[in-house]
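Peer 1: predicted structure and sequence below. I'll ask about it afterward.
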Amino acid sequence: QVQLVESGGGLVQTGGSLRLSCAASGGTFSRYAIGWFRQAPGKEREFVAAISWGGGATYYTDSVKGRFTISSDNAKKTVYLQMNSLKPEDTALYSCAVQVFAYQSNREATAYGYWGQGTQVTVSS
């Protein structure tokens with residue numbers, strides 16, 4: 001059984017930085033992408049970033065390009081999301097997930113089969 005545990009969220013001022021971690025256990029991930037999604041109160045869950053576990057290819061939603069960086073440590077089975085220049089609109093619950101349906105875009109939540117509980121990020125203005 002795949003398990004994902006996120007950490008690193010918190011309260012930060014506008015312009016600040018946070019580094020989220022997603023620690024995976026219980027499975028092999030060499031064929032899958034790991035993605036970060038976020039959901040703000042009253043809004044739908046949205047794709048933030050993804051990384052191809054084996055090849056390292058990265059993907060970002062336009063609103064975070066140039067500010068967020070996704071990376072992975074395969075030995076530790078951990079994926080990181082470095083978030084810089086944070087804005088109040090980045091406030092959300094951030095969750096990581098493992099892609100299980102390769103034929104679907106890794107930007108779609110329906111492509112993912114395992115989810116963590118999430119870590120809250122709050123950016124004050």
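Peer 2: Structure's in. What do you need? What you see is a predicted model, and the numbers here were worked out from it, not measured in a lab.

Peer 1: now residue 82, nearest residue through space, not along the chain?
Peer 2: Distances taken as Cβ to Cβ, 6 or more residues apart in numbering put residue 69 closest to residue 82, at 4.5 Å, once the chain neighbours are dropped. Glycine gets a C-beta too; all of them are placed from N, C-alpha and C.

Peer 1: can you tell me the helix or strand for that neighbour?
Peer 2: strand 68-73 (DSSP states H and E).

Peer 1: residues contacting the helix or strand following that strand, please?
Peer 2: On the C-terminal side of strand 68-73, the closest following helix or strand by DSSP H and E is strand 78-83. Taking contacts as Cβ atoms under 8 Å, 6 or more residues apart in numbering, the residues outside strand 78-83 that touch it are 17-24, 34, 36, 48-49, 51, 64, 67-73, 90, 94, 96, 121.

Peer 1: tell me what the strand holding residue 69 is packed against?
Peer 2: strand 46-52, strand 58-60, strand 78-83 (3 or more Cβ pairs under 8 Å, 6 or more residues apart in numbering; DSSP states H and E).

Peer 1: quick one: mean pLDDT for the second one?
Peer 2: Think strand 58-60. Mean per-residue pLDDT for strand 58-60: 97.

Peer 1: what lines up beside the lowest-mean-pLDDT helix or strand in the chain in the sheet?
Peer 2: Every helix and strand in the chain was compared by mean pLDDT, DSSP states H and E; the lowest is strand 112-115, with a mean of 92. Sheet pairing here is set by DSSP bridges, and for strand 112-115 it gives strand 92-99 (antiparallel).

Peer 1: below-threshold pLDDT in this structure: ranges please.
Peer 2: By pLDDT under 70, the low-scoring segments of the chain are 28-31, 55.

Peer 1: just to revisit the earlier point, are any of the contacts of strand 78-83 buried, and which?
Peer 2: Among the contacts of strand 78-83, those classed as buried by 16 or more other Cβ atoms under 10 Å are 18, 20-24, 34, 36, 48-49, 51, 64, 68-70, 72, 90, 94, 96, 121.
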